[in-house]
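> after the sequence you'll find the predicted model.
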Amino acid sequence: GESRKLAMDLPSEVDCFVVGTGLVETLVAAACARVGKTVIHVDRNQFYGGNWAALGLDDFLETDNLKGDQVLGPQLSNINIWDSGKEIPRRRAVLVDLSPKLCFSKGKLVQLLVSSNSARYLDFKEVSRIHRHDGTMTSVPCTKANLMTNKTISPMEKRRIVKYLQYCLERAKHVAQHTENELDPVPDVDFGTLLQKNFKLNKNLQEYVVSSMTWLDSNAPANIGVERTGLFLASMDVYCPSPLLYPMYGSGEFAQAFSRLCAVFGGMYVLCQPKMDLVIDQERNAVESITTEALGTVKTKFVVAPLSYCTSMMTDASSSLALQRSIDRSMISRGSFLLKANTIPYVEKNECCGLVTVPPGVCEGLSSQCRVIILTSNSGVCPKGYVMCHLVTDGVGENFQDVLLRVFDLLFPTVISSKTGTVDEAVGEQKEEVYKHDDDSDDNDESVELIWQVLFQQEGLVSVAGIIDTGVDGLFATSGLSDATIGFDIAVEEAEELFARMFPGEEFLPRAPDYDEIVFDFGDNDSTTESTVEDGPWDDCLPRTTSFGTSYLPFSAYKKTDGGYVLVELASSKECKTSFGTIYLPISAYTVTKDGLVLASSVSEPTISTTMIPLQSNPQHMTSFGTSYLSMQAYSKDESSGAYVLHPSLQSSQA
C-alpha cells in the first residue's frame, strides 16, 4: 500500500533516471538537475555511496549486503572482520570509508566544488603530515623550506630537486592558463628515466618524488609524473600549507553532497529499491521506461546505471542486447583498523589527518606501494582517544591479508598481531596485551591497542578508455567502481564524459546561486493605479497555495515592525494575528496600490454565527508554517480605524 502511494506522488515521466548513488552517478544526477532536467535517483541500499560509502561498524556484520553478487551494493570480496569485543564509546559514530581518498586543493573535484558552489555542503581538514616509511619514518621534503633544512640531502642534490620542482610548477601554471603549447613537450620516456637521466636525481630522491609526491610507479609515463608533481606543488598554500585536504566524515560525504545539490534543483530520491526492470523499445533500440516496486513504471529518455546492473535490469525480451564498455580494472586490497591510542608518531592529537607511503618491497609480498591514511577524532570518523587507519594497495593477490597485516605491524610495532579470523570466529576474542610505557600520564601514554579491523578486496577502476556505449540509445553505463589513486580525478572525468554524451553543449555543473542571490519575482509593486488583486500584477501568482492547499499572501504584502512582519495596511492592528505574529485574511480581501496591499473597499460586512470557532485544528486552514488562518466571516470591521478585527465572539480564543 505504501509503495502504491509513493508512486502516485511522483511523476510518470522524467528526463533522466539514475540508478546507484556512487560518486559518478551522483555527479551526473546533480549535473542533469542543475541544467533543468527532471531526475529520479534510486538505490537498492538504505545508504548513499555504493562503493564510495562510509559505513558504520555494525554495517559490516551484514556482509551479504556488501559482497560482489549484490550488483548495486559495495562490491567487496574476501571480507574478513576482527572485533576485540571491547566497548567503543559512540560506536555508531565510527565511520569506515570503503574508498578512503584525499583531495588536492587544485584537483578536479575541489575545483568542481568551488566552481559549482557546492562546497558549502562539505567541511574539510588539512592533511598536516606526509611521511614515507621504508623501515624508518621520514618526512617528505616537498617545499623549498623543507629541502633547505633537510640535513640528509646534500647541497648538490637540493639544487637538482629544486630544478625539477620548478620545472613541474612552471608547466602546471601554463596548463592552468591553457598555454602549455608554448612549452617543449615532456620527453617520451618513463617517469623513472626522466628523474634519473634528465634531472640527475639519486635513487633516494627518486623514491621521494615517485612514492610520496605523485603516488605513481616509476614505469608510469613521464608526462603523467610531471603533471602529478605539478598538481602537488600548485595545491600547496591554497587553503592551507598542505596540498592535501580530507573531507570531514569521510569520502562518502561527496556522494551525499552532490545528492543534496540534485535535490535542491528538483531531483527526487528513493532508496531501498532492490529490483528494477528496464524496458527497451526494440524498434528504436532505445530506452522506453523503467519499473520499480515503489515508483511503478516511469517513462524516461535516459537511464544511467553501473555497468554491472544494466544487464540485470533488462527484461527477457531485451537481454540479448550487447553491452560494451571499455574499462581497465584492477583488484584493490584495503584494510581499516580502529585503534585506541592517545598519541601516535604520524599525526598529532590536535591535527586531523596524516599520510604515510610504504614503498613496494619494504614488506614481504608488497609489490605496489601501500598508501596509509591515519585519522584522529578531529576528522569526525571516530571518538576522542581513538584513531582510524586505512591501508590501500593493489596488485597484491590472494595473500593480501597477510601483506596488509605486515604493513600494519611495520607502522605500529607496539601492537602484537594475532591470527585473523572470520566474523563468527573472531568476535569476542581479545588481542594479546600490548606494550605500554611506564608513564602514568594518560596524555603521554603511547600504547596502541587494536579494537577492530576489516580486510577486504574491491574491484577498482584503472582508467576509462573514452567509450561509454551500451549499444542501446539512452542507456549509459558507469563503471560503478572506485580506483586506487589518491584523488578523485578519474571519477570526475568519467562523469564529465558521460554527461557530455547525454547533453552535448550543456555546461557540466554550472555555478549554483547562493541563498541570498535567489530573487523571488512577485511582480511590479510600483503600479500607480489601484486595482483588485484579481486584476493586479499578481495575476500569475493566484492562487498561491501551501502544501495544505490553502492560499497565502506574497512576502511583499508585509512590512517589518518591532512586533514582527505584519500586513502593510494593518501594521497598527494588534488583533487577529497568527502564532508567529502575522495577520491572515483571504487574498480576495485586498487591493494592490502603489503603497502596497490594502484592504479592498468592496469587501462586504462579514456575517458571523455565534457558534463559529477558530479553525486552529482544521487542516484545510493550515499554512505551510503549521499556523492557521480564519475565513473572512471570522472578522468584523472596526468603524473607527477601518481595520478588520476578530469578531467579538472569537476574541477570547484567537487563532
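That came through, no problem. Numbers count the residues shown, from 1 in each chain.

> switch to C-alpha atoms for all contacts and neighbour counts from now on
Noted.

> now the closest residue to residue 56 other than its chain neighbours: how far from residue 177?
Closest residue in space to residue 56, ignoring its immediate chain neighbours: residue 95 at 4.9 Å, by C-alpha to C-alpha, 6 or more residues apart in numbering. From residue 95 across to residue 177, the span is 39 Å (C-alpha to C-alpha, to the nearest Å).

> ok, residue 217 next?
With C-alpha to C-alpha as the criterion, residue 217 and residue 177 are 28 Å apart.

> so these two - more neighbours on which side?
Remark: of residue 217 and residue 177, residue 217 carries more neighbours, 18 against 9, as counted by other C-alpha atoms under 10 Å.

> run through the residues that contact the residue nearest to residue 56.
Going by C-alpha atoms under 8 Å, 6 or more residues apart in numbering, residue 95 touches 54-57, 249-250, 381-382.

> out of the residues you listed, which are inside strands?
In strands, defined here by DSSP state E, the members of the contacts of residue 95 are 54-55.

> save the contacts of residue 95 as CSV, and put in pLDDT, distance to residue 290 and neighbour count too.
What follows is those, written out as CSV (pLDDT from 0 to 100; distance: C-alpha to C-alpha, whole Å; neighbours: other C-alpha atoms under 10 Å):
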residue, pLDDT, distance to residue 290, neighbour count
54, 91, 29, 24
55, 91, 29, 20
56, 91, 32, 16
57, 90, 34, 19
249, 93, 34, 23
250, 92, 32, 25
381, 94, 37, 23
382, 94, 40, 26
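
> pLDDT at residue 496, what is it?
Per-residue confidence (pLDDT) for residue 496: 93.

> now residue 537
37.

> then the one 3 residues further on?
According to the prediction, residue 540 has pLDDT 35.

> so the spatially closest residue to residue 195 that is not a sequence neighbour, which of the three states?
Leaving aside its sequence neighbours, residue 195 sits nearest to residue 201 (C-alpha to C-alpha, 6+ apart; 5.7 Å). Assigned with DSSP: H, G, I helix; E, B strand; the rest coil, residue 201 falls in the coil class.

> if I pick residue 201, what's in contact with it?
Contacts of residue 201 by C-alpha under 8 Å, 6+ apart are 157, 160-161, 195.

> what do you get for residue 502?
302, 474.

> try it again with 10 Å
16, 28, 32, 301-304, 474-476 (C-alpha atoms under 10 Å, 6 or more residues apart in numbering).

> what does the helix ranked longest in the chain contact?
The longest helix of the chain (DSSP state H) is helix 155-176. Helix 155-176 has contacts (C-alpha under 10 Å, 6+ apart) with 106, 142-144, 147-148, 150, 153, 177-186, 194-195, 198-202, 205-206, 209, 223, 225-234.

> which of the contacts of residue 502 lies closest to residue 40?
residue 16 (6.6 Å; C-alpha to C-alpha).

> neighbouring strands - and their directions - for the helix or strand hosting residue 125?
Element membership of residue 125, judged by DSSP states H and E, is strand 124-133. Within its sheet, strand 124-133 is paired with strand 137-139 (antiparallel), strand 244-247 (antiparallel), strand 353-358 (parallel), according to DSSP bridges.

> for the next helix or strand after the last one, C-alpha coordinates in CSV please.
What that stands for is strand 353-358. Of the helices and strands lying after strand 353-358 in sequence (DSSP H and E), the nearest is strand 370-375. Taking C-alpha atoms only, strand 370-375 is exported to CSV below (Å, rounded to 0.1, in the frame of the first residue of the first chain):
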residue,chain,number,x,y,z
CYS,A,370,50.8,1.0,0.1
ARG,A,371,49.1,4.3,1.0
VAL,A,372,48.2,4.7,4.6
ILE,A,373,45.7,7.4,5.8
ILE,A,374,45.6,7.9,9.5
LEU,A,375,42.7,9.9,11.0
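
> the strands in the stretch 151-300 of the chain, which residues?
244-247, 268-270, 276-281, 286-292, 296-306 (DSSP state E, counting those that start in this stretch).

> returning to what we had before: okay if I get the contacts of residue 95 as a markdown table plus distance to residue 101?
Shown next, in a markdown table, are the contacts of residue 95 (distance: C-alpha to C-alpha, whole Å):
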| residue | distance to residue 101 |
| --- | --- |
| 54 | 12 |
| 55 | 15 |
| 56 | 17 |
| 57 | 19 |
| 249 | 12 |
| 250 | 8 |
| 381 | 14 |
| 382 | 17 |
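
> mean pLDDT for the strands paired with strand 124-133: which is lowest?
Mean pLDDT, when computed for each of the strands paired with strand 124-133, is lowest for strand 137-139, at a mean of 85.

> for that one, buried residues please.
residue 139 (16 or more other C-alpha atoms under 10 Å).

> Three-state assignment for residue 409, please.
Taking three-state DSSP, the label given to residue 409 is helix.

> ok, back up a step: residue 345: which of the contacts of residue 502 is nearest?
Once C-alpha to C-alpha is applied, the member of the contacts of residue 502 that ends up nearest residue 345 is residue 28, at 40.6 Å.

> which SSE is that closest one in?
helix 23-34.

> any idea which helix or strand comes after that helix?
strand 39-42.

> still on that earlier bit, same list (the strands paired with strand 124-133) but as JSON lines, adding distance to residue 281.
Below are the strands paired with strand 124-133 laid out as JSON lines (distance: least, C-alpha to C-alpha, whole Å):
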{"stretch": "strand 137-139", "distance to residue 281": "60"}
{"stretch": "strand 244-247", "distance to residue 281": "43"}
{"stretch": "strand 353-358", "distance to residue 281": "51"}
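
> ok, which of these comes nearest residue 257?
Closest among these, using C-alpha to C-alpha: strand 244-247, at 11.1 Å.

> who are the contact partners of residue 239?
105-106, 124-126, 245.

> output those residues as JSON lines; include the columns neighbour count and distance to residue 404.
Shown next, in JSON lines, are the contacts of residue 239 (neighbours: other C-alpha atoms under 10 Å; distance: C-alpha to C-alpha, whole Å):
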{"residue": "105", "neighbour count": "24", "distance to residue 404": "29"}
{"residue": "106", "neighbour count": "21", "distance to residue 404": "31"}
{"residue": "124", "neighbour count": "17", "distance to residue 404": "28"}
{"residue": "125", "neighbour count": "17", "distance to residue 404": "26"}
{"residue": "126", "neighbour count": "22", "distance to residue 404": "26"}
{"residue": "245", "neighbour count": "23", "distance to residue 404": "25"}
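
> which pair in those spans the largest distance?
It's 106 and 125 that sit farthest apart of the contacts of residue 239, by C-alpha to C-alpha, at 15.0 Å.

> follow-up on the earlier one: for the longest helix of the chain, buried residues please.
Buried residues in helix 155-176 (16+ other C-alpha under 10 Å): 157-158, 160-162, 164-165, 168-169, 171-172.

> also stretch 292-302?
292, 294-302.

> in these, which has the lowest confidence score?
Confidence-wise, residue 294 trails the rest of the buried residues of stretch 292-302, at 81.

> need phi/psi at that residue.
Backbone torsions of residue 294, given as degrees, to the nearest 10, read phi -80, psi -30.

> quick check: the gap between it and residue 41.
12 Å.

> what do those two both touch?
270-271.

> leaving out sequence neighbours, find the closest residue to residue 139.
Closest to residue 139 by C-alpha to C-alpha, 6+ apart is residue 131, at 4.4 Å.

> which residue ranges of this structure form helices?
Under DSSP H, the chain gives helices at 2-9, 23-34, 108-115, 144-149, 155-176, 191-193, 203-209, 222-234, 252-264, 307-313, 400-411, 423-426, 489-502.

> of all those helices, which one is nearest residue 273?
Here helix 2-9 is closest among the helices of the chain (C-alpha to C-alpha), at 10.6 Å.

> state the mean pLDDT of that closest one.
50.

> and if you look at stretch 221-232?
Mean predicted lDDT for stretch 221-232 stands at 93.

> how about it as PDB, C-alpha atoms only?
This file holds the C-alpha atoms of stretch 221-232, laid out as PDB (Å, rounded to 0.1, in the frame of the first residue of the first chain):
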ATOM      1  CA  PRO A 221      54.700   7.900 -18.400                       C
ATOM      2  CA  ALA A 222      56.900  10.900 -17.700                       C
ATOM      3  CA  ASN A 223      54.200  13.400 -18.700                       C
ATOM      4  CA  ILE A 224      51.900  11.900 -16.100                       C
ATOM      5  CA  GLY A 225      54.500  12.100 -13.500                       C
ATOM      6  CA  VAL A 226      55.300  15.700 -14.300                       C
ATOM      7  CA  GLU A 227      51.600  16.600 -14.300                       C
ATOM      8  CA  ARG A 228      51.100  14.900 -10.900                       C
ATOM      9  CA  THR A 229      54.100  16.700  -9.400                       C
ATOM     10  CA  GLY A 230      52.800  20.000 -10.700                       C
ATOM     11  CA  LEU A 231      49.400  19.300  -9.200                       C
ATOM     12  CA  PHE A 232      51.100  18.600  -5.800                       C
END
